[in-house]
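K.L.:
model this:
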Amino acid sequence: MTPFRTLTARAARLDRANVDTDQIIPARFLRKPRSAGYGTFLFHDLPEARRAVQGAAILLAGPNFGCGSSREGAVYALVDAGLRCVVAPGFGDIFAGNAAQNGLLTVTLPADAIAGLQGEVTVDLTAQRIRAGAAELTFEIDPFRKRCLLEGLDDIGLTLAYAGAIEAWTTADADRRPWAMPS
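P.N.:
Got it, this is the predicted structure:
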């Protein structure tokens, strides 16, 4: 996963509440192989949203973004289309977890603060700040999720970061309990 530190990019606006995962990517496209990319199906049934996000890496969304089913394909579609950050007043819980696992930063800010953002926006995860013109906002993020995004770690990458400790434990356990090891 690509680490996320600082991003300066054009922000697209999607002023809609309750954009669910089926609106992000309709279920009929999830039969396609992931390797083919889901970006072309992003907002397939919402043409105004599809046009708005073209060329943007940051999405300024309405409340409860990513609600609905737990489909990870919604995050794949956003990432495959080039989006790296979604800023909204709130997110579906499962969507936010899937986003972090795939390098997509979700930032929760009040609707009135988001309304003041436009044009080119800078998102600095290290400092937990968003800047656009004269506006500068701070945001909160779970420290563990922040670490994983900064280091580009999904669950597999996080586990592999402890490969040395896992190997040492496995070796010591084999010495302690040789009968428990497969032959």
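K.L.:
only C-alpha atoms from now on, for both contacts and neighbour counts.
P.N.:
OK.
K.L.:
assign the closest residue to residue 107 other than its chain neighbours to one of the three secondary structure states.
P.N.:
Closest residue to residue 107 apart from its sequence neighbours, by C-alpha to C-alpha, 6 or more residues apart in numbering: residue 87 at 4.7 Å. Judged by DSSP: H, G, I helix; E, B strand; the rest coil, the three-state class of residue 87 is strand.
K.L.:
do a quick rundown of the strands in the protein.
P.N.:
For the chain, applying DSSP state E gives strands covering 6-14, 58-61, 85-88, 105-108, 120-124, 129-132, 135-138.
K.L.:
can you tell me which of those strands comes nearest to residue 173?
P.N.:
Counting by C-alpha to C-alpha, residue 173 lies closest to strand 105-108 out of the strands of the chain; the figure is 38.8 Å.
K.L.:
mean pLDDT and mean neighbour count added to the strands of the chain, as JSON lines?
P.N.:
Formatted as JSON lines, the strands of the chain follow (pLDDT from 0 to 100; neighbours: other C-alpha atoms under 10 Å):
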{"stretch": "strand 6-14", "mean pLDDT": "97", "mean neighbour count": "19"}
{"stretch": "strand 58-61", "mean pLDDT": "98", "mean neighbour count": "24"}
{"stretch": "strand 85-88", "mean pLDDT": "98", "mean neighbour count": "24"}
{"stretch": "strand 105-108", "mean pLDDT": "98", "mean neighbour count": "22"}
{"stretch": "strand 120-124", "mean pLDDT": "98", "mean neighbour count": "20"}
{"stretch": "strand 129-132", "mean pLDDT": "97", "mean neighbour count": "18"}
{"stretch": "strand 135-138", "mean pLDDT": "96", "mean neighbour count": "14"}
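K.L.:
of the ones you listed, which is nearest residue 146?
P.N.:
Of all these, strand 105-108 comes closest under C-alpha to C-alpha, at 8.8 Å.
K.L.:
which one is residue 110 nearest to, not counting chain neighbours?
P.N.:
Nearest non-adjacent residue to residue 110, counting by C-alpha to C-alpha, 6+ apart: residue 89, 5.0 Å away.
K.L.:
neighbours around the one you found, how many?
P.N.:
For residue 89, the neighbour count with other C-alpha atoms under 10 Å is 19.
K.L.:
need the helix or strand of this protein with the lowest average pLDDT.
P.N.:
helix 155-160 (a mean of 91; mean pLDDT, DSSP states H and E).
K.L.:
one step back: who touches the residue nearest to residue 110 in this structure?
P.N.:
By C-alpha atoms under 8 Å, 6 or more residues apart in numbering, residue 89 lies in contact with 61-64, 108-111, 114.
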